[in-house]
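**Student:** Return atomic coordinates for the entry below.
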Amino acid sequence: MSANDVPVLLSERDGAVLTLRLNRPEALNALDAGLCEALLRGLEGAAADPQVRCVVLAASGRAFCAGQDLRDPAVAPQGGAKDLGAVVAARYRPLVLRLRSMPVPTLAAVGGVAAGAGAALALLCDIVVARRRAAFLQAFAAIALIPDSGSTWVLPRLVGRARAMGLCLLGDKLPAAQAEAYGLIWKCVDDEAFDHEVAALAQRLAAQPARALARTRELLDAGASSSLEQALQAEAEAQRELGFAADFAEGVEAFASRRAPRFQDR
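**Tutor:** Model prediction:
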């Protein structure tokens, strides 16, 4: 809870889709200890719930997330230097690792500015849909810090070294349309169509084979730094596992019967 007893994270369920909504709009959804802890609990709960088949990360208000709240006593330099490494290790490392290892697909619904750690959390989701008015910002250099929360890992994988360096060193706002053109996000959507697009895509993901999608994420991430031989071996092991699962039999039967599959594995 926030100081005025308003939850800093809202949880909304629509069938198999769980939306976790950052809810500090007065602070542009900046991340403090309470919000980081609430988000981690929300992700852990979703991972443990067999009825959840897609997680949407969204936000209240005009911004998606302004990044770390610099008024947070754990990071504010007033009163003496703070150990920022300890904050990153304690708050952001478990949050990023949990987000990147979810057993179901994740979808970031970016309705406004996503900066710093907020941009990292969005970009670490499997699919990112952004409202046209949204923008992405690597704000770290402006306060003499380096990109964290997995930014140095995800950015070059998405847009290549040259663009990642430009985004991080210059700190310019990247409009959503340009982010789509760069390959940073999946889709930029007109403002009036944004909510419908997010809801439809989330339901579509929830109907997909969750275990196969989670393994696909794992292999794509590993493939960026593995040899072809290692990738082939990992693919064979994944296909062996998935070939024995119920969803494979269901998918083949549904295809042969010309009906929609009803996947259940997680």
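**Student:** average pLDDT for stretch 196-204?
**Tutor:** pLDDT averaged over stretch 196-204 equals 98, rounded to a whole number.
**Student:** Which SSE is immediately downstream of the host helix or strand of Ala164?
**Tutor:** Taking DSSP states H and E as the definition, one finds Ala164 inside helix 161-170. Scanning forward in sequence from helix 161-170, with DSSP H and E defining helices and strands, the next element found is strand 174-175.
**Student:** May I have stretch 15-23 exported as CSV, CA atoms only?
**Tutor:** Provided in CSV are the C-alpha atoms of stretch 15-23 (Å, rounded to 0.1, in the frame of the first residue of the first chain):
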residue,chain,number,x,y,z
GLY,A,15,-10.4,-15.0,-17.8
ALA,A,16,-6.9,-16.4,-18.2
VAL,A,17,-5.3,-12.9,-18.5
LEU,A,18,-3.9,-11.2,-15.4
THR,A,19,-3.1,-7.5,-15.7
LEU,A,20,-0.6,-6.1,-13.2
ARG,A,21,-1.0,-2.3,-13.2
LEU,A,22,1.6,0.0,-11.7
ASN,A,23,-0.5,2.5,-9.7
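**Student:** Low-confidence ranges, the stretch 101-250 of the chain, go.
**Tutor:** Low-confidence segments of the stretch 101-250 of the chain, defined by pLDDT under 70: none present.
**Student:** Okay, helices next: where are they in it?
**Tutor:** Counting by DSSP state H, counting those that start in this stretch, the stretch 101-250 of the chain forms helices over residues 117-123, 151-159, 161-170, 176-182, 194-206, 210-223, 228-243, 246-257, given from the N-terminal end onward.
**Student:** Could you identify which of these is most buried?
**Tutor:** When these are scored by mean count of other CB atoms under 10 Å, the highest mean neighbour count falls to helix 117-123 (a mean of 28). For the C-beta atoms, the positions are set from N, CA and C on the backbone; glycine is no exception.
**Student:** which other helices and strands contact that helix?
**Tutor:** Helices and strands touching helix 117-123, as assessed by 3 or more CB pairs under 8 Å, 6 or more residues apart in numbering; DSSP states H and E, comprise helix 93-100, strand 106-110, strand 135-137, helix 151-159.
**Student:** Pipe these into JSON lines and attach distance to Leu57 per row.
**Tutor:** Conversion of those to JSON lines gives the following (distance: least, CB to CB, whole Å):
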{"stretch": "helix 93-100", "distance to Leu57": "8"}
{"stretch": "strand 106-110", "distance to Leu57": "5"}
{"stretch": "strand 135-137", "distance to Leu57": "14"}
{"stretch": "helix 151-159", "distance to Leu57": "14"}
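**Student:** Show me the one of these that comes nearest Ala59.
**Tutor:** Closest of these to Ala59 is strand 106-110, at 7.8 Å (criterion: CB to CB).
**Student:** was I right about Thr106 contacting Leu99?
**Tutor:** Yes: contact status for Thr106 versus Leu99: in contact at 6.5 Å, counting by CB atoms under 8 Å.
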